[in-house]
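Participant: prediction below, plus the sequence it came from.
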Amino acid sequence: MGKLNIELNDSRNVFAPGGQVEGRIEWSLDANPTTLTLSLLWYTSGKGTRDVGVLCTNRIDSPGALGSDKFSFTLPPGPYSFSGKLISLIWALELTSTPGSETVREEIVVSPTGREILLTSVAGQGEGKDNQSRPFLECILGVPYAGA
Amino acid sequence: MRARDNPFAADRIERIRYRFVGTSLDELLTRLDDMNYRAAITGPEGSGKTTLLEDLREALEYRGLRTKLLFVNDASPLSEAQCRRFLSELVPQELVLLDGADAIRRSSWFLFRRHTVRHAAGLLVTSHRPGLLPTLIECTTTAGLLQEIVRDLSPQTPALSPAFLRALHNRHQGNLRACLRELYDVCAKAP
Amino acid sequence: MRMGTVECHGTGEGVSKPASIVGRLGLSLFFLFFFGMGSLFEVFMLRESGRALGQRSWRKTPCTIVTSEVQERGDSESPYAFRISYRYDCGGKTHNGSAYKRGYSGSSTYSGAQDLVQRHPAGRATICYVNPANPDEAVLRRDSVLIGLAALFPLIFVAIGAGGIYFLWRTPSPAQSRPIAAIAGGAKGKSRYAVAAFFAVFAIAGGAMLYPLGIRPIARTLDATSWAPTPCKVLRAEVRSHASDDGTTYSVYILYQYEFGGRTYKADRCDFLGGSSSGYEGKARIVAQYQAAANPVCYVNPKCPSEAVLKRGFHAKLLLALFPLPFLLVGVGGLVYTVRGKGREASRLTVLTKRIPDRRVDSFSVLRAGDAGQAVLRPRFSAPGKLIGAVVVAAFWNGIIAIFVTHAGSFEKIFLLPFIAIGVGLIGLVVYQFLALFNPRPALELSPAVICLGGAAALRWSFAGQVSRITELIVTLRGIEEAKYRKGTSTCTDRDTFCEMELCRTSDLAEIASGQVGLVLPGDTMHSFKADNNKIVWSIEIRGDIKRWPDVKESFEIEVTPAAGRQERHG
């Protein structure tokens, strides 16, 4: 049975926007594929119909049944990996061989905070909702806060 | 609960395949062959017609038949010009799969029916009502089926009791899609 | 997982049939009423058409008019009758006829009967139509076969009624929805014809009313500017009452006599509109004026001296010409929109040939780290736009209900009560939106125009209009998840708010009129994101409380970009 593998450098799977995603792909297939395709993409999961965005694709033509190769992608500024009540956005590297249906996917997190952004429904937040808004209001640029 | 962890997220629901009761995919393919590959899958909203059509397509392609799938819904009918363009690109070995046959204009439907007799390997459609073509299978749902699907998607949610699912199935008049959407909201409220 | 599968979605919305039996029964009664009324009218029209067609076989026979005059009688509905007698030969025998046309019952106005006398003077040789089965029976004028065309009109109501009941009860699962009339929204698919039929009814009704209420009286008023002012004598002046199911209405009736070209004429036309309405006092005043007038003047048509009028020139009653306009506008506008909606639909042909991932181009919103400069924010929906939408919906609904209420008896009106209630609610919405038009309008400026996460911005607002009416102003920053999915043949969008920050709450009049606030966006949340089916939308909402008046409520979408230039190392 064929095997595809994606390995990230230092086993790292959390990246900052604009960062470099580097690693290695390995394949060991029963038959010679015509093409191997490695894509950096994001997709959504949740209540809505899936959206997919492919950032870039690396193709290896006539790779042979066995082999490995390095890859390096530069991440864009966004979108971030996030999860809310209705939508999750997930970044991944996906390696497929053609012909055939061999596919492997490695999820990564793209976020400035070091973890997936979590969005909590306001309806689910009880007391203290008003208090949460206060830390975000500041006097800046000499503009006074016109509030109670 | 995060959207991606919700057992009733859209992509997980899309992975559910058609579940046969009293028949099987092979039997259906044999019947389709006997009908000369001109038939209709009928059933109400959310009964699995599109899912079954996709499963049949996969099986037909596995058997070496070429297929061409066209999805149309009521809000975006197929114009006659688009219909003619689609049909002009057909090759005689292709089996046409039309999802939403009752959503296209009558004139376009006649065009489809007429053209595919000579210029395609067959025509398999989905429709809410019978009568467009001989019925291959009428899709129906039961509360038991809903329970089975929920068990597969979310085995560890005790709140989704059989009684709750039965009431849900009744409330949506057998529309499994609507039931599963509502279950998404139920689970989304869980921590 | 099937990734990148391209699906064909419609953006139209289907209207679901009511799930409950009570709802379906209610709608069935509604459609049954349409069907019943339409059928009754149809039977009547068919009977009249049949009789008109039957008269086509009567023989054309030369005849001579012996006498022709206007006869006054005591009938208050039709006090003037055209009395005629004529002689004709048929089957070797001489017959005397006196019928003008079948069913003629006289005229409510003198001029109506006078016109016929002018057209059929004594001594003229003309043609009459003799019943071959009964030669003693003859008429001067046969019934018009155009009534056959009118017989098509009630069929619309029969079709709506029968069709509505059929589709309501057709299948066991009411979840099987066929898009029915989507108002002013461009219905798609087969329902386009039903929508077009609805709007066609409005257009026909508006057009049919426009001629008698607008075009004809205005054209005659313009023509009468050249008519000769002539002294006249008032023979009779009174207020006439007309009883109906809706109550009693009144009209002014004045019979006057004048001389023109050496001949004496009588006429009773007051103005070119005619008709009756409620309000006795105003009409009694007009009658009293003419009764007391020393030298009343009428205006005579020099080309046809038997035609005269008391009031020419433009007057308030001619404003009735505006009444059919909403029906015509809604009907024609809706027809145009429904037909043009075809061209606007994007081509949604989708072919899935093989199970290969679809390489869709990234479609999230343009990312620019904190654009410098200001942006003037615009509300998502303008106030006039909301008012127009409410007017169209209310006019359409209430127009249809009004037709039924006018013709329904007291008992039938009970069944119409729920629909009347909806109509009243819609009128309330129109009033609400109309009042909201006079609300002070906020103008917002955001600097910078695009904010990045964790970034700061200044928001300035000002109001145009009567700001003093606002008792409290609340400015809120809101972040919303939007997820779109297919629900049968329609598309639904669910929304959930993940961030709600009150930026400002003030009751100070000066700050309400013009204020500013600084804000810092949280850094650990999600920026604006737009894909085909999933979005993250940020907006600023303004709410101004106004006592005993619709509140000011506006929403302004803003762009929030990813944090600028932050590349921390994680892992």
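Facilitator: Everything's here; your move.

Participant: could you look up the SS state of residue C:457?
Facilitator: Counting by DSSP: H, G, I helix; E, B strand; the rest coil, the backbone at residue C:457 sits in strand.

Participant: if I pick the closest residue to it other than its chain neighbours, what's in contact with it?
Facilitator: Closest residue to residue C:457 apart from its sequence neighbours, by C-beta to C-beta, 6 or more residues apart in numbering or on different chains: residue C:451 at 4.6 Å. (Each C-beta comes from the backbone N, C-alpha and C, glycine too.) By C-beta atoms under 8 Å, 6 or more residues apart in numbering or on different chains, the contact set of residue C:451 is C:370, C:457, C:521, C:558-561.

Participant: and what of residue B:122?
Facilitator: B:36-38, B:95-96, B:116.

Participant: ok, back up a step: quick check: the residue nearest to residue C:457 is in a strand.
Facilitator: Yes. Counting by three-state DSSP, residue C:451 is found in a strand.

Participant: residue boundaries of the strands in chain B?
Facilitator: Applying DSSP state E to chain B gives strands spanning B:38-42, B:66-71, B:94-99, B:122-127, B:135-138.

Participant: where are the low-confidence patches of chain A?
Facilitator: Residue ranges of chain A with pLDDT under 70: A:1, A:124-148.

Participant: recalculate using a threshold of 80.
Facilitator: Where chain A drops to pLDDT under 80, the residues are A:1-2, A:100-101, A:123-148.

Participant: run through the helices of it in chain order.
Facilitator: Listed in chain order, the helices of chain A (DSSP state H) span A:129-133.

Participant: which residue would be the closest one in chain A to chain C?
Facilitator: The nearest approach of chain A to chain C comes at residue A:48, 3.0 Å away (C-beta to the nearest C-beta).

Participant: residues near that residue, how many?
Facilitator: 26 (other C-beta atoms under 10 Å in any protein chain shown).

Participant: run through the residues that contact residue B:53.
Facilitator: Residue B:53 makes contact with B:41, B:69, B:97, B:99, B:124, B:126, according to C-beta under 8 Å, 6+ apart.

Participant: quick one: it and chain C, what's the gap?
Facilitator: Using C-beta to the nearest C-beta, to the nearest Å, residue B:53 is found at 11 Å from chain C.

Participant: whatever helix or strand residue C:253 lives in: which residues count as buried?
Facilitator: Here residue C:253 sits within strand C:247-260, counting by DSSP states H and E. When burial is assessed from 16 or more other C-beta atoms under 10 Å in any protein chain shown, strand C:247-260 yields the following buried residues: C:249-256, C:258, C:260.

Participant: export these as CSV, with columns for distance to residue C:28 and pLDDT.
Facilitator: Shown next, in CSV, are the buried residues of strand C:247-260 (distance: C-beta to C-beta, whole Å; pLDDT from 0 to 100):
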residue, distance to residue C:28, pLDDT
C:249, 35, 82
C:250, 40, 85
C:251, 41, 86
C:252, 46, 88
C:253, 46, 88
C:254, 51, 90
C:255, 52, 90
C:256, 56, 92
C:258, 60, 92
C:260, 62, 90
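
Participant: just curious, which of those is nearest to residue A:110?
Facilitator: Of all the buried residues of strand C:247-260, residue C:249 has the smallest distance to residue A:110: 75.7 Å, by C-beta to C-beta.

Participant: which residues does residue C:476 contact?
Facilitator: Taking C-beta under 8 Å, 6+ apart, one finds C:500-503, C:540-541, C:543 in contact with residue C:476.

Participant: can you flag the buried ones in those residues?
Facilitator: Among the contacts of residue C:476, those that count as buried by neighbour count (16+ other C-beta under 10 Å) are C:500-503, C:540-541, C:543.

Participant: can you pull the residues of chain B lying near chain C?
Facilitator: For chain B, the residues in contact with chain C (C-beta under 8 Å from any C-beta of the partner chain) are B:10-11, B:14-15, B:44-46, B:58, B:68-79, B:82, B:85-86, B:100, B:103, B:105-106, B:128-129, B:171-175, B:177-178, B:181.

Participant: now, which of those residues lie within helices?
Facilitator: Judged by DSSP H, the subset of those located in helices is B:10-11, B:14, B:58, B:82, B:85-86, B:106, B:171, B:177-178, B:181.

Participant: quick one: which two of those are the most distant?
Facilitator: In these, the most distant members under the criterion C-beta to C-beta are B:85 and B:171, with 42.4 Å between them.
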